[in-house]
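K.L.:
sequence-free structure coming up:
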């Protein structure tokens, strides 16, 4: 089973991409507290940011299934929206020092991010379909479970990254930070998830099977399974 991930390039690219994305996401989830408390000056502002972001994410989840087929499929959609999401998160560095700037940047980013979340799990299924087509071994359920593994790994890495970032910012609990410190913290808050979503765009260049090829593979697998039942 482990070989189905290590040797399967389709699976490797998907898992690495998700680890990067989720690491950036979980770092942001923690940095929001510091951003609202020390830069914006009101920890309660986080409730506004999260409420607005969740609303825009909900809208994205409703629209994604309609838009994705028009963009050429899952891989293409995730690549396009990964780039847009990374740029949107990075814009926090420019606009995130004010409450509404932070709300707007996060809202747009969460809206775009939801397109990836809606389709992401299907790439694990695609990796399983590819491996079944190549080797005849059905590892699809196992590969789908790797989504949860990617999340767990990302959470562990995010904890380490957060500690290193706060150390680099010379963060001291309870201290008022300077203007330059607020600027640095704002850029860290934006670039952590920004890079987390931009780097997978590069990783997906190694995900060689196109959406059209994958549809053919899925169809062939389905035909073989149907013939096997006869």
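P.N.:
Structure received. Computed from a prediction, not measured in an experiment: that's the story for all the values here. Numbering: from 1, shown residues only.
K.L.:
residue ranges of the helices in the protein, please?
P.N.:
Using DSSP state H, the helices found in the chain span residues 3-6, 9-34, 45-70, 74-90, 92-95, 99-135, 140-168, 179-203, 211-229.
K.L.:
what comes up buried for the second one?
P.N.:
To tie it back to what came earlier, the one meant is helix 9-34. 10-28, 30-32, 34 (16 or more other C-beta atoms under 10 Å). (Glycine included, C-beta is placed from N, CA and C.)
K.L.:
for the last one, same thing?
P.N.:
For helix 211-229, burial by neighbour count (16+ other C-beta under 10 Å) applies to 211, 214, 217-218, 221.
K.L.:
so what's residue 127 up against?
P.N.:
Residue 127 is in contact with 8, 10-11, 14, 143, counting by C-beta atoms under 8 Å, 6 or more residues apart in numbering.
K.L.:
pLDDT score for it?
P.N.:
pLDDT recorded at residue 127 is 88.
K.L.:
so how far is stretch 25-34 off the chain centroid?
P.N.:
14 Å (C-alpha atoms, centre = their mean, to the nearest Å).
K.L.:
I meant stretch 87-98, not that one.
P.N.:
Counting by C-alpha atoms, centre = their mean, stretch 87-98 is centred 17 Å from the centre of its parent chain.
K.L.:
what's the answer for stretch 102-117, then?
P.N.:
Counting by C-alpha atoms, centre = their mean, stretch 102-117 comes out at 11 Å from the chain centroid.
K.L.:
need the buried residues of helix 211-229 in JSON lines with pLDDT, can you?
P.N.:
Listed next are those as JSON lines, based on pLDDT from 0 to 100:
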{"residue": "211", "pLDDT": "78"}
{"residue": "214", "pLDDT": "84"}
{"residue": "217", "pLDDT": "88"}
{"residue": "218", "pLDDT": "85"}
{"residue": "221", "pLDDT": "84"}
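K.L.:
centroid-nearest residue for this structure?
P.N.:
Centrality entry for the chain: nearest residue to the mean C-alpha point is residue 21, 3.4 Å, by C-alpha atoms, centre = their mean.
K.L.:
please report how far that one lies from residue 224.
P.N.:
33 Å (C-beta to C-beta, to the nearest Å).
K.L.:
same check on residue 103?
P.N.:
Residue 103 sits 51 Å away from residue 224, taking C-beta to C-beta as the criterion.
K.L.:
residue 132 - how many residues pack around it?
P.N.:
21 (other C-beta atoms under 10 Å).
K.L.:
same question but for residue 123, I mixed them up
P.N.:
The local packing of residue 123 (other C-beta under 10 Å) involves 25 other residues.
K.L.:
spit out the contact partners of the closest residue to it other than its chain neighbours.
P.N.:
Residue nearest to residue 123 in three dimensions, not counting chain neighbours: residue 14, with 4.6 Å by C-beta to C-beta, 6 or more residues apart in numbering. Residue 14 makes contact with 123-124, 127, 146, 207 under the criterion C-beta under 8 Å, 6+ apart.
K.L.:
same thing but 7 Å
P.N.:
Applying C-beta atoms under 7 Å, 6 or more residues apart in numbering, one finds that residue 14 lies in contact with 123-124, 127.
K.L.:
model confidence for the nearest residue to residue 16 once chain neighbours are set aside, exactly?
P.N.:
Spatial nearest neighbour of residue 16, excluding adjacent residues (C-beta to C-beta, 6+ apart): residue 203 at 5.4 Å. Residue 203 is assigned 94 on the pLDDT scale.
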